[in-house]
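Asks: Provided below are the primary sequence and the corresponding predicted coordinates.
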Amino acid sequence: MLPTKKRCPRCGRVLPAEAFNLVRGGRELAGWCRVCNHRYYLDRKEAGFVRKNPSGRKIAHGGYTDAVGRYIDLG
Ligand SMILES: [Zn+2]
């Protein structure tokens, strides 16, 4: 069962499940809320997708950026 609420670790807000993308075929909520995912995408876009993710973590929350810089939304 999906939780009805979740705290986004990026912005720290507790948000309803609807504020998150679904991942793993809809069985799980994305790690970050849609707003954070979008903001992250925009940051990456501005940076020209050349910078390595400074945290070293995989981009696995709701989507990822492919080799030519397109954002692939898995949610
Ligand atoms: Zn967030």
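Replies: Perfect, thanks for sending it.

Asks: mind listing the strands the longest strand that the chain contains pairs with, and their directions?
Replies: As assigned by DSSP state E, the longest strand anywhere in the chain is strand 28-33. The pairing partners recorded for strand 28-33 under DSSP bridges are strand 20-23 (antiparallel).

Asks: show me what from this structure comes close to the ion.
Replies: Proximity of the chain to the ion, by CB under 5 Å from the ion, involves residues 8, 10, 11, 33, 36. For glycine as for every other residue, the C-beta is placed from the backbone atoms N, C-alpha and C.

Asks: nearest residue to the last one other than its sequence neighbours?
Replies: This means residue 36. residue 10 (4.0 Å; CB to CB, 6 or more residues apart in numbering).

Asks: C-alpha coordinates for the helix or strand where residue 40 lies, PDB please?
Replies: Element membership of residue 40, judged by DSSP states H and E, is helix 34-46. Provided in PDB are the C-alpha atoms of helix 34-46 (Å, rounded to 0.1, in the frame of the first residue of the first chain):
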ATOM      1  CA  ARG A  34       7.300  16.700  -8.000                       C
ATOM      2  CA  VAL A  35       8.300  20.300  -7.300                       C
ATOM      3  CA  CYS A  36      11.800  19.200  -6.200                       C
ATOM      4  CA  ASN A  37      12.200  16.800  -9.100                       C
ATOM      5  CA  HIS A  38      11.300  19.700 -11.400                       C
ATOM      6  CA  ARG A  39      13.600  22.100  -9.700                       C
ATOM      7  CA  TYR A  40      16.400  19.600  -9.900                       C
ATOM      8  CA  TYR A  41      15.700  19.100 -13.600                       C
ATOM      9  CA  LEU A  42      15.900  22.900 -14.200                       C
ATOM     10  CA  ASP A  43      19.100  23.100 -12.200                       C
ATOM     11  CA  ARG A  44      20.600  20.400 -14.400                       C
ATOM     12  CA  LYS A  45      19.400  22.100 -17.500                       C
ATOM     13  CA  GLU A  46      20.900  25.400 -16.500                       C
END
